[in-house]
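K.L.:
give me a 3D structure for the following:
(2 chains)
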Amino acid sequence: MPSAIEFRDVVKTFAKSSGGLQTVLKRVSFSIPAGKTTVIAGGSGQGKSVTLKLILGLMQADAGQVFVHDQDITRARGRELERLRTQFGVLFQGSALFDSLTVFENVALPLRERTEKSEVEIRTLVEASLGQFELAGHEEKYPAQLSGGMQKRVGLARAMQLKPSIMLFDEPTTGLDPVMTREIYHLFARTQAEFGFTSVIVSHDIPKIFNLADQVIILNKGEMDVFASPEAIQWSEKPHIQEFVKMTMGDIYQSHLVEK
Amino acid sequence: MNGNPIVNLGNTGLYIVTDIGKMAIFLMKSLRGVFRHPFRLQELIRQVHFVGVGSLAVIFFTAASTGMVLGLQGYYSLNKFGAEGMLGSAVSLTLIMELGPVLTALMVAGRAGSAMCAELGIMRISEQIDALDCMAIDPFRYLITPKFLATLIAVPLLTAVFDVVGIAGGYVAGVGLMHVNPGSFIQGMQTSVTNHDIQLGIIKSFAFALLVVWICTGRGFFVREIRGAGFGAESVSRVTTQAVVLSSISVLVFDYLLTAVLL
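P.N.:
Reported below is the predicted structural model:
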C-alpha cells in the first residue's frame, strides 16, 4: 500500500528549562498508509503533537526526513512548503477558529484566501458544507457563541474546504462530553468514508479512538511502536506496551493479559 | 537557568542574537507581504481606522495639553530675556521636530501597539496562527502587513494633527492667557520653521511608526519563544507590557540618534 506520510530516522530534541536536552523522538521511522486511519497514542510529553508539527512542517527535525506523498517536507521552504501544506486539513485541539470571524467567514476563509472562486461560488460551497456538518442556521454566530462540539464541527468544515488528501486531528475530543465525543467520532467516520482522505489522529481517548484506527502508533520515551491494527497491541511482548494496555484499556484486554 | 554563570552568559548571548535575527526576518517578511497576492485592502482600511481614528481623541488631548504647557513654560522662560515674541517659534519648532513625533509614537504604542501585541499573542497561543500556516495562508500577508502599513500611514498623519493642535494650544496659552502679541507669535512661527524642520519631523514619525509596529507585532507573534514570559494568558500580558516598554524606549533612543544625524 502506498504511504501518505513517511518518517525516516527522525530526531527531535528540545532544551529543558532546567538545563540539558530532552530527546522527544530518537531516530524514529514509520509510514502512514494512504486512505487509512492511523492513531498516534502515548502519554503526555511523549511527542505526539511534535509528530504532527513535523508532518506539517511547522517544526524542523534535528535529523532525518519526513516525506509527504514522497516529497521531503523537511527541506521545503516558501512556496513549496505552502504547496505541500495545501494537501493537509487540520483539526486543532482547541479548534483554532478565528474569534473575530463568524462561522461562515471561518469556513469561507481558505476558499477566499487560497482559491480564485467568486463570492457567489464560495457562498454556495460554504452553505452546502455547513448543511453537511449540521451547522445551518449558525452562519452568523461567532465561535464564542458555540458549544465545544459545534466549534469542532466548524473546525472540521473549515479544514475540509480545500479537499485535503490528509487530515490531521490533534486531540479532537478533548473537553467534550461522552455524547459529543461519540457524535464527533461518527462525523469522522462519515467524512472519511465520503472523502477517502488519510487520517492521522493524535488522541488520549483510548480505547474508544481505536475503533476508528487501521493502524496504531504508540510513542514512549522517544521511541515508537507501530501496530498494524488496534488488536495487535495486546500481543506485544514489550513491558511498556503491556503497561500501556493495562493503564488505558483496562478490562477490555485484561483477560488476555491474565492468560499470558 | 543553569547554575554556571558562564553557561548562563553564553545562553543569554545566544538568546539575544537569535532574537535579533528572528525580529529582522520578521520585519523582512512583514514588508514582503505588501507584494503578495491577494492584498487585504479592507483589512488595511480597518487597521488605519483602528490606529488612526481610534487614537485621535488621545492625540488631541495630549497635544492640546502639551502645547498649552509649552506656551506657559515658554512664556515664563522667554519673558526673563524679554523675548516673548519668540514664543511662536519656540512652541512650533519644539512640537514639529521633537514632541509631535515622539509623543504621538508613545501614545500609539500605548493604545494601538499594545492591542496589536495582545491580539497576536492570543492568536498564537490559541493556535490561530498555526491554523493559518496549515491552510497555507501566509500569516504575514494576512495579519501583520496590514498592521504595518496602517501604522505607517496613520502615525505621520496623527503627528501632523498633534503638531497643529499643539501649536493651537500654545497659541491659546501664550496669546489668550499670557497676552503675547498674536502677530509676533504667528510671525515667529512663519520665519523660524523651515522645510528641513518639517522633513525631520516627518522622517521621525515614519521611523517611530516602524519601530512601534515592528516591536509590538513581533513580540506578540513570538510570544511562545520569549524567555521568561511564562505560559498562556500570563505570557500575553507580560509580553504586551514588554512590547510597550521596549517600543517606547526605542522611540526615545532613536529620537536622539535621528536628531544627532539629521539636524
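
K.L.:
from now on I want contacts and neighbour counts done on CA atoms only, so please keep to that.
P.N.:
Fine.

K.L.:
what about the residue nearest the centre of chain B, which helix or strand?
P.N.:
Closest to where the C-alpha atoms of chain B average out (CA atoms, centre = their mean) is residue B:105, at 2.6 Å. Residue B:105 is part of helix B:100-108 when elements are defined by DSSP states H and E.

K.L.:
now swap in residue A:176 and tell me
P.N.:
Per DSSP H and E: nothing holds residue A:176, as it lies in no helix or strand.

K.L.:
any low-confidence regions in the chain?
P.N.:
All of this is about chain A. Low-confidence segments of chain A, defined by pLDDT under 70: A:1, A:17-19, A:207, A:248-260.

K.L.:
let's do chain B instead
P.N.:
Scanning chain B for pLDDT under 70 picks out the ranges B:1-2.

K.L.:
what's the single longest helix in it?
P.N.:
When chain B is scanned for its longest helix (criterion: DSSP state H), the result is helix B:232-262.

K.L.:
that one near chain A at all?
P.N.:
No - for helix B:232-262 and chain A, the contact criterion (CA under 8 Å from any CA of the partner chain) is not met; the two come no nearer than 13.3 Å.

K.L.:
what residues sit buried inside that helix?
P.N.:
Judged by neighbour count using 16 or more other CA atoms under 10 Å in any protein chain shown, the buried positions of helix B:232-262 are B:235-248, B:251, B:254-255.

K.L.:
one step back: can you list contacts of the helix holding residue B:105?
P.N.:
Residues lying outside helix B:100-108 but in contact with it, judged by CA atoms under 8 Å, 6 or more residues apart in numbering or on different chains, are B:51, B:55, B:58-59, B:63, B:94-95, B:155-156, B:158-160, B:162-163, B:166, B:201-202, B:204-205, B:208-209, B:212, B:248, B:251-252, B:255.

K.L.:
identify the residues contacting residue 126.
P.N.:
All of this refers to chain A. A:104, A:107-108.

K.L.:
wrong one, chain B
P.N.:
The contact partners of residue B:126, by CA under 8 Å, 6+ apart, come to A:94, A:96.

K.L.:
what's the answer for residue A:88, then?
P.N.:
Contacts were defined as CA under 8 Å, 6+ apart; by that measure residue A:88 touches A:56, A:164-168, B:134-135.

K.L.:
same check, this time on residue A:183
P.N.:
Taking CA under 8 Å, 6+ apart as the test, residue A:183 contacts no residue whatsoever.

K.L.:
hey, what's residue A:170 bridged with?
P.N.:
Each beta-bridge partner of residue A:170 is listed here: residue A:202, as defined by DSSP bridges.

K.L.:
next, count neighbours for it.
P.N.:
Applying other CA atoms under 10 Å in any protein chain shown, we find 22 other residues in the vicinity of residue A:170.

K.L.:
would you map the helices across the chain?
P.N.:
Assuming you mean chain A. According to DSSP H, chain A carries its helices in the segments A:48-56, A:78-85, A:103-114, A:119-132, A:148-160, A:178-195, A:239-249, A:251-259.

K.L.:
that's the wrong chain, I wanted chain B
P.N.:
Secondary structure of chain B, counting by DSSP H: helices at B:5-32, B:41-51, B:56-79, B:87-94, B:100-108, B:114-125, B:128-134, B:139, B:145-171, B:182-192, B:195-221, B:232-262.

K.L.:
returning to what we had before: between the contacts of residue A:126, which has the most around it?
P.N.:
For the contacts of residue A:126, neighbours were counted using other CA under 10 Å, and residue A:107 has the most, 29 neighbours in all.

K.L.:
can you list the residues of chain A near chain B?
P.N.:
Selection of chain A residues close to chain B by CA under 8 Å from any CA yields A:17-19, A:56, A:58, A:82-83, A:85-86, A:88-90, A:92, A:94, A:96-98, A:110, A:113-114, A:159.

K.L.:
of all the helices of chain B, which lies closest to residue A:13?
P.N.:
Across these, residue A:13 has its closest neighbour in helix B:5-32 (16.8 Å, CA to CA).

K.L.:
also compute the angle for that closest one relative to helix B:195-221, please.
P.N.:
Angle between the axes of helix B:5-32 and helix B:195-221 is 110 degrees (criterion: axes from the mean of the first three to the mean of the last three CA atoms, to 10 degrees).

K.L.:
wait, does helix B:5-32 contact chain A?
P.N.:
No - Helix B:5-32 stays out of contact with chain A when judged by CA under 8 Å from any CA, the minimum separation being 9.9 Å.

K.L.:
buried set for that helix?
P.N.:
Across helix B:5-32, burial judged by 16+ other CA under 10 Å covers B:19, B:23, B:26-27, B:29-31.

K.L.:
looking at these, which one is closest to chain A?
P.N.:
Each of these was scored against chain A by CA to the nearest CA, and residue B:29 proved nearest at 10.9 Å.

K.L.:
contacting residues for that closest one?
P.N.:
Counted by CA under 8 Å, 6+ apart, residue B:29 has contacts residue B:140.

K.L.:
if you set the cut-off to 10 Å instead, what comes out?
P.N.:
B:23, B:138-141, B:144-145 (CA atoms under 10 Å, 6 or more residues apart in numbering or on different chains).

K.L.:
cool, and residue B:47?
P.N.:
Residue B:47 is in contact with B:41, B:53-54, B:112, B:116, B:146-151, B:154, counting by CA under 10 Å, 6+ apart.

K.L.:
ok, which residues in chain B are in contact with chain A?
P.N.:
Residues of chain B found near chain A (CA under 10 Å from any CA of the partner chain) are B:1-3, B:7-8, B:37-40, B:123-138, B:142, B:227-228.

K.L.:
which of these count as buried?
P.N.:
For the residues of chain B next to chain A, buried by 16+ other CA under 10 Å: B:39-40, B:123-138, B:142.

K.L.:
about what we covered before: among the buried residues of helix B:5-32, which pair sits farthest apart?
P.N.:
Spanning the widest gap among the buried residues of helix B:5-32 are B:19 and B:31, at 18.4 Å by CA to CA.

K.L.:
against residue B:25, how distant is the closest residue to residue A:241 other than its chain neighbours?
P.N.:
Sequence neighbours aside, residue A:233 is the residue nearest to residue A:241 in space, at 7.4 Å (criterion: CA to CA, 6 or more residues apart in numbering or on different chains). Here the criterion is CA to CA, to the nearest Å. By it, residue A:233 lies 46 Å from residue B:25.
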